[in-house]
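Q: Quick check, what structure comes out for this input:
(chains A and B)
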Protein chains: 2
Amino acid sequence: MSKDQKSSDVVWHHATVTRERRQDQNNHKSVIMWFTGLSGAGKSTLAHCVEESLHKRGCRTFVLDGDNVRHGLCGDLGFSIQDRTENIRRIAEVAKLMMEAGVITLTAFISPFREEREKARQIFPHGEFLEIYCKCPLEICEQRDVKGLYKKARQGQIKDFTGISSPYEEPMNPELVVNTAELSLEDCAEQVMGLLVTRGVINPV
Amino acid sequence: MSKDQKSSDVVWHHATVTRERRQDQNNHKSVIMWFTGLSGAGKSTLAHCVEESLHKRGCRTFVLDGDNVRHGLCGDLGFSIQDRTENIRRIAEVAKLMMEAGVITLTAFISPFREEREKARQIFPHGEFLEIYCKCPLEICEQRDVKGLYKKARQGQIKDFTGISSPYEEPMNPELVVNTAELSLEDCAEQVMGLLVTRGVINPV
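A: From the prediction side, this is the model:
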């Protein structure tokens, strides 16, 4: 970086390690899988199960979910509509950086509104944002109530709770619909893996 | 995810692919290298040069810099002190997610204030945040003025410009000081690679 190295500086300034080179190194493509659905529909469970399968195949993966985003990157955000929108925006942007880094990125957030999911989709190259709808009837999600949130929502302790006091807008044209109420976890994961093969993200076994 | 699979759900809900497993897969550790220094000191150039070396060794890497953060994740932020602080906070949080994903993450931002760098450091496990000070006299940075920013700052067109109208607080105890004004780019990169070997992040060649 001494002055006689200046031309070297110019050459080196921009990134030489591109997404393409990372994909070659990894022997798989990087995409974003955007899991959406009601609380309790199994988004996070399914995402982690798919991640396990991918890791075993030697893929580079990461799951973004409430556990690793809500207290860190989005720790300053609450649950107002404005803050929820900003939450989804940041998640999409981080997922994009992860994708640039060559990582198959799985996001597991309710993301109930079509508009916010469309906005997320739009920052990705065409065909590289895979919307996966975890379809599960509200009754079943509420019956499971793993986190006890539905009960609180019914009692009015949580405002604007998706499915109870705030709408969930089903995807119009997602890349995949997984009926998490009807299929076993393994079958759900197999469907997602199948999508990745079909899309050329990973090679068939 | 059918009801008779419920126990399976519980087992699978949490992440099974840990940072440790990713590190084993990659055959290197994941750390954060936080490059700091004046505008024009060579942070981004050096970070990309180190990244190239790491990639050639088969490592998973990513550089966070103004190019991929300012218009995306931090596109809502301006240059007020409050916004600059939030900018650095988000970058540190994204770097942490990248590190969790097994990636050697390099950040290249002026990050002029000790307090903000300390805050960034504190969210990482001990010993996994490597502060790298790109030391270069203001006169040389200003003389280079690759982006023409110093000229604008001197003319008062940019407010609070580090080194001109806003202070740069040198690191008190960085993991590495690289004299970018005196050494060639290759020698600077070698110093950084040496640090990674010493710290056990990568294996010696």
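
Q: do stretch A:87-94 and chain B meet at all?
A: Yes. Applying C-beta under 8 Å from any C-beta of the partner chain, one finds stretch A:87-94 touching chain B at A:90, A:93-94. Just so you know, the C-beta spots here come from the backbone N, C-alpha and C atoms, and that holds for glycine as well.

Q: Not counting that stretch itself, show me its contacts.
A: A:64, A:69, A:73-74, A:77, A:107, A:109, A:111, A:116-117, A:119-120, A:123, B:72-73, B:75, B:90, B:94, B:97 (C-beta atoms under 8 Å, 6 or more residues apart in numbering or on different chains).

Q: Are any of those buried, and if so which?
A: Listed as buried from the contacts of stretch A:87-94 are A:64, A:69, A:73-74, A:77, A:107, A:109, A:111, A:116-117, A:120, B:72-73, B:90, B:94, B:97; burial here means 16 or more other C-beta atoms under 10 Å in any protein chain shown.

Q: ok, the biggest strand by length in chain A: who's next to it in the sheet?
A: In chain A, assigned by DSSP state E, the strand with the most residues is strand A:129-135. According to DSSP bridges, strand A:129-135 forms sheet pairs with strand A:32-36 (parallel), strand A:176-179 (parallel).

Q: Check which residues of the next helix-or-strand element following it are buried.
A: Sequence-wise, the next helix or strand downstream of strand A:129-135 (DSSP states H and E) is helix A:138-144. By neighbour count on 16+ other C-beta under 10 Å, the buried set for helix A:138-144 is A:138, A:140-142, A:144.

Q: Would you format the residues you listed as TSV with pLDDT included?
A: Formatted as TSV, those follow (pLDDT from 0 to 100):
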residue	pLDDT
A:138	97
A:140	96
A:141	96
A:142	96
A:144	91
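
Q: for those residues, which one is nearest residue B:45?
A: Closest approach between those and residue B:45, by C-beta to C-beta: residue A:141, at 51.3 Å.

Q: okay but the closest one is in contact with residue A:134, surely?
A: No. Using C-beta atoms under 8 Å, residue A:141 is not in contact with residue A:134; the gap is 9.8 Å.

Q: Tell me which residues of the helix or strand harbouring residue A:97 come out buried.
A: For residue A:97, the element it lies in under DSSP H and E is helix A:81-100. For helix A:81-100, a neighbour-count test (16+ other C-beta under 10 Å) marks A:84, A:86-100 as buried.

Q: Next, the distance between the ends of stretch A:98-118.
A: End-to-end distance for stretch A:98-118, by C-alpha to C-alpha, to the nearest Å: 19 Å.

Q: Distance from that stretch to the middle of the chain?
A: 4 Å (C-alpha atoms, centre = their mean, to the nearest Å).

Q: likewise stretch A:175-184?
A: Worked out by C-alpha atoms, centre = their mean, stretch A:175-184 lies 16 Å from the chain centre.

Q: hey, C-alpha coordinates of that stretch in CSV?
A: Listed in CSV are the C-alpha atoms of stretch A:175-184, where the atom choice follows Å, rounded to 0.1, in the frame of the first residue of the first chain:
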residue,chain,number,x,y,z
GLU,A,175,-42.6,-22.1,-4.9
LEU,A,176,-43.8,-24.8,-2.5
VAL,A,177,-46.7,-25.5,-0.2
VAL,A,178,-46.0,-28.0,2.6
ASN,A,179,-48.9,-29.4,4.4
THR,A,180,-47.3,-29.6,7.8
ALA,A,181,-50.5,-30.8,9.5
GLU,A,182,-50.8,-33.9,7.3
LEU,A,183,-47.3,-35.0,6.6
SER,A,184,-44.5,-36.2,8.9
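
Q: How much space separates the residue lying closest to residue A:59 once chain neighbours are set aside from chain B?
A: Nearest residue to residue A:59, sequence neighbours excluded (C-beta to C-beta, 6 or more residues apart in numbering or on different chains): residue A:28, at 5.1 Å. Per C-beta to the nearest C-beta, to the nearest Å, residue A:28 is found 13 Å from chain B.

Q: what about residue A:28, neighbour count?
A: Neighbour count of residue A:28, defined by other C-beta atoms under 10 Å in any protein chain shown: 23.

Q: What strand or helix carries the residue nearest the centre of chain A?
A: Most central in chain A under C-alpha atoms, centre = their mean is residue A:107, positioned 1.7 Å from the mean C-alpha point. Using DSSP H and E, residue A:107 maps to strand A:104-108.

Q: From the contact counts, what lies against that strand?
A: strand A:32-36, helix A:43-56, strand A:61-65, helix A:81-100 (3 or more C-beta pairs under 8 Å, 6 or more residues apart in numbering or on different chains; DSSP states H and E).

Q: near chain B at all, the helix or strand just after it?
A: Downstream of strand A:104-108, the next assigned helix or strand under DSSP H and E is helix A:114-122. No. For helix A:114-122, no contact with chain B is found by C-beta under 8 Å from any C-beta; the gap never falls below 12.0 Å.

Q: same thing with stretch A:188-198?
A: Yes. Applying C-beta under 8 Å from any C-beta, one finds stretch A:188-198 in contact with chain B at residue A:188.

Q: residues touching the residue nearest to the centre of chain A, list them.
A: A:32-35, A:47, A:63-65, A:91-92, A:95.

Q: low pLDDT regions in chain A?
A: Residues of chain A meeting the criterion pLDDT under 70: A:1-13.

Q: Now with 80, please.
A: Within chain A, the segments meeting pLDDT under 80 span A:1-14.

Q: just to revisit the earlier point, what sits in contact with each of residue A:141 and residue A:134?
A: A:38, A:41.

Q: Compute the first-to-last residue distance for stretch A:30-43.
A: Terminal-residue distance, stretch A:30-43 (C-alpha to C-alpha): 20 Å.

Q: no, scratch that, I was asking about stretch A:31-41
A: Taking C-alpha to C-alpha as the measure, stretch A:31-41 stretches 22 Å from start to finish.

Q: of the buried ones among the contacts of stretch A:87-94, closest to residue B:169?
A: residue B:90 (20.5 Å).

Q: where's the residue nearest to the centre of chain A relative to chain B, distance?
A: In this view, residue A:107 and chain B are 12 Å apart by C-beta to the nearest C-beta.

Q: list the contacts for the closest residue to that residue other than its chain neighbours?
A: Closest residue to residue A:107 apart from its sequence neighbours, by C-beta to C-beta, 6+ apart: residue A:64 at 4.7 Å. Counting by C-beta under 8 Å, 6+ apart, residue A:64 touches A:91, A:94-95, A:98, A:105-109, B:97.
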